[in-house]
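Visitor: Below: sequence and its predicted model.
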Amino acid sequence: MPGVRFDRFLASTVVLLLLSAAAGGALAEPKNGTMTEQAIDAAVPMPDSANLPPPTIADFANPAAKAALPTDQPQTPAPAAAAPAATPQPASTASEPVATPIAGTVAAADAPIAEQLHDLANGKFDRIIGSKQIRSMIDAFYSSRNYAPIWISDGKANAQAKAAISYLGRVDADGLDPSDYPVPSFDAAGDPAALADAEIKLTMSVITYAHHASIGRVHWSRVSADIEYATVAPEPADVLAIILGATDVAAALDSYEPKTSGYLALKAKLADVRAGKADKGKTPIANGPVLKAGMQDDRVPELRDRLGVPGDGGTTYDKGLAEAMKKFQQAHQIAATGTLTSATLEALNGKAPDHQTDIIIANMERWRWMPHQFPATYVIVNLPDFTLRVMHDGQQVWTTKIVDGKPEMPTPIMTADMKFITVNPTWNVPPSIVNHEYLPALQQDPTVLERMGLKVDYNRDGTVHIWQPPGDKNALGRIRFNFPNKFLVYQHDTPDKYMFAYDKRAFSHGCMRVQDPQHYAEVLLSLVRPGEGYSEDRIRKMIAAGGETDIQFPTFIPVNLTYQTAFVDDAGKLQFRDDVYGRDRALLAILKGDDRKVADIPIEHKEDISHREVLAIPDQPSLFGGRSPFGGGTSYYPGGGDNFFSRLFGGFASAPPPTPRKPVPHTRKVTRSGDTVTR
């Protein structure tokens, strides 16, 4: 029932508004057994938000709309929004003027409707609005207009209403469900009560849509505790004021959706997939035997063409084609064997159910959680793709491989500001790990930490400080990239360079290891401290000189840790990656399950400080010759040999890994000192 849906939404909006008032729009930190903001600040300064605010009246309003704002609503200007994507406009907007009644005046034909709306404060429309607090906000807005309707002029739906109804009917283009935003009928001519009802229903659908488009149909907290964003839903009164003052209602509504290039590219691909454009003009691939790597078959050239795999015109189903087939199978939720099966052939010919749409929609939803526009300079990490990119003025400046968290210790999804780089970092063991893990280990073997290169100090208050000095054996390597955040994760160098030879690199405790940290530092410093000579050579000399040194950023660089299992690459091709952490699975289960009714209501996770500190633990090779310091024989962890840290916190296997195969070459253009080279 629409009333139930609105009740649920309003409950969520109340929660968000209350939290926004107390904490600037972010979820309030739980007080019991949790890490407070002060505790995080004590360890590292909190990141400044990289988010741009939702659209405000300054972006779209005309003078009449500004006059209609309630007097208690702030009117601070916001940064100008990027030009919205072109949206087909309903024919009515071209011929009918947008109605913007002057505050305090009501057209005679609409006076009976305004009289009905006057009962907003008395709870007459609570069956639609549901929440007293939201009702009071809407009432304040309408009261400032003397209860003149927004969507009705001269007793019938006006151009704004028609444009809003048309737009809400096609929000599936953004991966949303139009049924979540029901539109009323304004056909009840001469029935003020019915028209007032329709007025409020459309108002609530528009507010609900703006909320979902701005921060997500599903609140990120329902998917995982390892996600954190500070995006803020727009105030209901601001949404109504924008629509009231907009000369293009569709553009005003569209402005709530993300304008990042990644989102817009996926939106275009969603339309293509739904239209079946990828298969147009292609004849079906013929039936035949199951194909495995090494087999010969006349269909191979067609398979190469369909999957975009280059070849010499031969008919051998080789390993390269089998790998491409695996990726196709993963994207279509078929057993990823690389073998051409009958189910795979049906999917190639468009006869099987296509799950690509769901995966694209899940990724578009995650883009809504993020900042909707990026600044000129930022870093973006795609965890399932194990890549990091530095962006400047809309162009990729540099890219590199990373190692990120293993599935049981996933790297969090978030945005935080990089504030400084540390050369020759010291690693300080978090207090909870010292108390719960290392002190018991020290009691069993007083030499264990010393043999691992860890130092032990005793503070005056009796507490123990365990740390690892800078050096070649330091688990952080020689450089650490700091973007303070509640999860205590960061990016750093690593002595275990061989891990970058793997295609899939989910091996760490949660922090990210960077393949070429010296050049990463040079690229970042060239953007925030240009002309100061921070070249790779200078950074290596700083490393050789020894001593821990922080290089501060005068201007912070937002670091976006994203989870893109579907994305459009630089060549314009739709790519899919494994759901390493199960984020697609969890999100789609919510969108398709009973939780959908309350999916936009945030939930609170009890914070586990120890878990966060474990995420911040780097991996380090053991000095025990393959033996556990506590007995139990030999073990292996892919992040760096027989790993002491990993043994303490799990994640090692009983058998050695396969020898890393030679990686498939990835050709990327990288700008270095003004020259374009291939990496």
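Guide: Thanks, I have the structure now.

Visitor: Remind me what the helix ranked longest in the chain packs against, helices and strands.
Guide: The longest helix of the chain (DSSP state H) is helix 192-215. Contact here means 3 or more Cβ pairs under 8 Å, 6 or more residues apart in numbering; DSSP states H and E; on that basis helix 192-215 packs against helix 2-23, helix 111-117, helix 126-129, strand 152-153, helix 159-168, helix 236-245, helix 249-254, helix 356-369. (Glycine included, C-beta is placed from N, CA and C.)

Visitor: Tell me, domain by domain, which residues of this protein belong where.
Guide: Listed domain ranges for the chain are 57-75+92-220+231-257, 285-348, 375-426+469-678 (source: automatic domain parsing).

Visitor: can you put the helices and strands packed on helix 192-215 in JSON lines and add mean neighbour count and mean pLDDT?
Guide: Output for the helices and strands packed on helix 192-215, formatted as JSON lines (neighbours: other Cβ atoms under 10 Å; pLDDT from 0 to 100):
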{"stretch": "helix 2-23", "mean neighbour count": "18", "mean pLDDT": "40"}
{"stretch": "helix 111-117", "mean neighbour count": "20", "mean pLDDT": "94"}
{"stretch": "helix 126-129", "mean neighbour count": "20", "mean pLDDT": "90"}
{"stretch": "strand 152-153", "mean neighbour count": "24", "mean pLDDT": "94"}
{"stretch": "helix 159-168", "mean neighbour count": "23", "mean pLDDT": "96"}
{"stretch": "helix 236-245", "mean neighbour count": "25", "mean pLDDT": "94"}
{"stretch": "helix 249-254", "mean neighbour count": "23", "mean pLDDT": "97"}
{"stretch": "helix 356-369", "mean neighbour count": "23", "mean pLDDT": "95"}
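
Visitor: Residue 413 against residue 227, yeah?
Guide: Yes. Assessed by Cβ atoms under 8 Å, residue 413 is found in contact with residue 227 at 4.7 Å.

Visitor: joint contacts of those two?
Guide: Counting by Cβ atoms under 8 Å, 6 or more residues apart in numbering, the common neighbours of residue 413 and residue 227 are 220, 369.

Visitor: So which of these two has more stuff around it?
Guide: It is residue 413, of residue 413 and residue 227, that has more neighbours when counted by other Cβ atoms under 10 Å, with 24 against 21.

Visitor: which residues does that one contact?
Guide: 220, 224, 226, 227, 228, 366, 369, 383, 561, 562, 563, 583.

Visitor: Derive a PyMOL selection command for the buried subset of the residues you listed.
Guide: Burial among the contacts of residue 413 is assessed by 16 or more other Cβ atoms under 10 Å; the matching PyMOL selection reads:
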select buried, resi 220+224+226+227+228+366+369+383+561+562+563+583
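
Visitor: So which of the contacts of residue 413 belong to helices?
Guide: Here DSSP H is the test, and the contacts of residue 413 give 366, 369, 583 as lying in helices.

Visitor: So the second one sits against residue 214, correct?
Guide: This points to residue 369. No. With contact defined as Cβ under 8 Å, residue 369 does not count as touching residue 214 (10.0 Å).

Visitor: what sits in contact with each of these two?
Guide: residue 231.

Visitor: In a markdown table: the helices and strands packed on helix 192-215, plus distance to residue 494.
Guide: A markdown table is the format used below for the helices and strands packed on helix 192-215 (distance: least, Cβ to Cβ, whole Å):
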| stretch | distance to residue 494 |
| --- | --- |
| helix 2-23 | 36 |
| helix 111-117 | 63 |
| helix 126-129 | 54 |
| strand 152-153 | 64 |
| helix 159-168 | 49 |
| helix 236-245 | 47 |
| helix 249-254 | 43 |
| helix 356-369 | 27 |
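
Visitor: ok, back up a step: go through the ones in helices among the contacts of residue 413 and name the one nearest residue 196.
Guide: For these, the minimum distance to residue 196 (Cβ to Cβ) is 35.6 Å, reached by residue 369.

Visitor: How about the contacts made by that closest one?
Guide: 215, 216, 220, 227, 229, 231, 413.

Visitor: mind running it again at 10 Å?
Guide: Taking Cβ atoms under 10 Å, 6 or more residues apart in numbering, we find residue 369 in contact with 214-216, 218-220, 223, 227-231, 258, 413-415, 562-563.

Visitor: How about residue 555?
Guide: 375, 376, 377, 417, 419, 527, 528, 529.

Visitor: and it, what pLDDT?
Guide: Here, the pLDDT recorded for residue 555 equals 97.

Visitor: helix, strand or coil for it?
Guide: strand (DSSP: H, G, I helix; E, B strand; the rest coil).

Visitor: do the same with the one 4 residues further on
Guide: With three-state DSSP as the basis, the three-state label of residue 559 is strand.

Visitor: what are the bridge partners for it, then?
Guide: Legend: beta-bridge partners of residue 559 under DSSP bridges are residue 379, residue 416.

Visitor: Isn't it up against residue 412?
Guide: No. With contacts counted by Cβ atoms under 10 Å, residue 559 stays clear of residue 412, the gap being 11.5 Å.

Visitor: which neighbours do those two share?
Guide: residue 485.

Visitor: would JSON lines of the ones in helices among the contacts of residue 413 with distance to residue 533 be doable?
Guide: Shown next, in JSON lines, are the ones in helices among the contacts of residue 413 (distance: Cβ to Cβ, whole Å):
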{"residue": "366", "distance to residue 533": "39"}
{"residue": "369", "distance to residue 533": "39"}
{"residue": "583", "distance to residue 533": "42"}
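
Visitor: Closest to residue 334 out of the residues you listed?
Guide: Checking the ones in helices among the contacts of residue 413 against residue 334 by Cβ to Cβ gives residue 583 as the nearest, at 20.0 Å.

Visitor: Just list the residues touching residue 197, thanks.
Guide: So residue 197 contacts 113, 116, 117, 124, 125, 127, 128, 184, 185, 188, 191 (Cβ under 10 Å, 6+ apart).

Visitor: Tell me how far it lies from residue 253.
Guide: Distance, residue 197 to residue 253, by Cβ to Cβ, to the nearest Å: 22 Å.

Visitor: Residue 342 too?
Guide: From residue 342 to residue 253 the distance is 45 Å (Cβ to Cβ).

Visitor: Can you give me the buried ones in stretch 575-588?
Guide: For stretch 575-588, the neighbour count (16+ other Cβ under 10 Å) marks 575, 576, 577, 578, 579, 580, 581, 583, 584, 586, 587, 588 as buried.

Visitor: what's the most distant pair in those residues?
Guide: Using Cβ to Cβ, the buried residues of stretch 575-588 reach their maximum pairwise distance at 575 and 586, which is 21.3 Å.

Visitor: what about the stretch 101-250 of the chain, any weak spots by pLDDT?
Guide: 101-104 (pLDDT under 70).

Visitor: try the stretch 251-400 of the chain
Guide: Using pLDDT under 70, the stretch 251-400 of the chain drops low at 277-282, 351-354.

Visitor: Please enumerate the strands of it.
Guide: Using DSSP state E, counting those that start in this stretch, the strands found in the stretch 251-400 of the chain span residues 377-382, 387-392, 395-405.

Visitor: Dump stretch 554-562 to PDB, restricted to CA.
Guide: Output of stretch 554-562 as PDB, limited to C-alpha atoms (Å, rounded to 0.1, in the frame of the first residue of the first chain):
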ATOM      1  CA  PRO A 554      48.500  21.900   1.700                       C
ATOM      2  CA  THR A 555      45.400  20.800  -0.200                       C
ATOM      3  CA  PHE A 556      43.800  17.500   0.800                       C
ATOM      4  CA  ILE A 557      43.100  14.900  -1.900                       C
ATOM      5  CA  PRO A 558      39.900  12.800  -1.600                       C
ATOM      6  CA  VAL A 559      40.400   9.100  -1.700                       C
ATOM      7  CA  ASN A 560      37.400   7.100  -2.900                       C
ATOM      8  CA  LEU A 561      37.400   3.400  -2.000                       C
ATOM      9  CA  THR A 562      34.800   2.000  -4.400                       C
END
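
Visitor: mind checking how far it is from the chain centre?
Guide: Relative to its chain's centre, stretch 554-562 lies at 14 Å (Cα atoms, centre = their mean, to the nearest Å).
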